[in-house]
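Undergrad: Pasting the sequence and the predicted coordinates here, then a few questions.
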Amino acid sequence: MSEANIVEILVVEDDPHDLALIQRALQKACVTPRSRVARDGADALRFIFGDDGAGGHRSGGNPKVILLDLNLPKLDGLEVLQRLRESPRTKAIPVVVFTSSRDENDERECYRLGANNYIVKPVDFERFDAAVQELGKYWLLLSQPRQGAHLNHPCRSR
């Protein structure tokens, strides 16, 4: 697998404004070169599992973390999370739900399905920016990678 094909963070977000803010914050946190965007739940599953969404294999491997919105077209974030956790190949990928939903039932369901974190998107620009930067830094630079995960991240000190 070539260095160019490695995706460390999959951002699943359909809102263009939020996506632009997320990408800007990831760039500031030095994680953009290894990110990929899925604009709906079906696109996210296609990226992870292959064209049919049911277990085909991609050449780029699994991302180190998935940043998942709940309110998505085609398949919502809960269904994406459920499918990720059902597959032995993807059940260990950290999934951070990053959503505007403050509904306690959504939060409870996400954790029941195996989300690693549930974060409500801050409305304030500076807090939104800081939250995404911290997420990127934590999951990509500070947390211990899974066995076999790529360790040569451009922001890691050598």
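TA: Good, I have the coordinates. Numbering: from 1, shown residues only.
Undergrad: In contact with the most centrally placed residue in the chain, which residues are there?
TA: Of all residues in the chain, the one closest to the mean position by Cα atoms, centre = their mean is I66, 1.7 Å from it. Applying Cβ atoms under 8 Å, 6 or more residues apart in numbering to I66 gives the contacts 9-10, 12, 44, 84, 93-96. Bear in mind the C-beta positions are built from the backbone N, C-alpha and C, glycine included.
Undergrad: Where strands are concerned, which of those residues count?
TA: Counted as lying in strands by DSSP state E, out of the contacts of I66, are 9-10, 12, 95-96.
Undergrad: Quick check: of these, which has the highest neighbour count?
TA: Among the ones in strands among the contacts of I66, V12 has the most neighbours (other Cβ atoms under 10 Å), with 29 neighbours.
Undergrad: Spit out the contact partners of that one.
TA: 37-41, 43-44, 66-69, 72, 77, 80.
Undergrad: sorry, back to before: wait, a strand at the residue nearest to the centre of the chain?
TA: Yes. Looking at I66 with DSSP: H, G, I helix; E, B strand; the rest coil, it is inside a strand.
Undergrad: gap between S87 and A38?
TA: From S87 over to A38 the distance is 16 Å, taken as Cβ to Cβ, to the nearest Å.
Undergrad: out of the two, which sits in the more crowded spot?
TA: For S87 versus A38, neighbours defined as other Cβ under 10 Å are more numerous around A38 (22 against 15).
Undergrad: Just confirm that one contacts P63, I think it does.
TA: No. Contact criterion Cβ atoms under 8 Å: A38 and P63 do not qualify, at 10.3 Å.
Undergrad: Just the buried residues of the helix or strand hosting R112, please?
TA: Assigned by DSSP states H and E, R112 belongs to helix 104-113. Going by neighbour count (16 or more other Cβ atoms under 10 Å), the buried part of helix 104-113 is 106-107, 109-110, 113.
Undergrad: Low-confidence stretches in the protein?
TA: By pLDDT under 70, the weakly predicted segments of the chain are 1-5, 31-33, 51-61, 144-158.
Undergrad: for it, what spans make up the helices?
TA: Taking DSSP state H as the criterion, the chain carries its helices at 16-28, 41-49, 77-86, 104-113, 125-137.
Undergrad: mind listing what's buried in the first one?
TA: Pointing back at helix 16-28 there. So for helix 16-28, counting by 16+ other Cβ under 10 Å, buried means 18-19, 21-23, 25-26.
Undergrad: Out of those, flag the one nearest to D124.
TA: L21 (11.2 Å; Cβ to Cβ).
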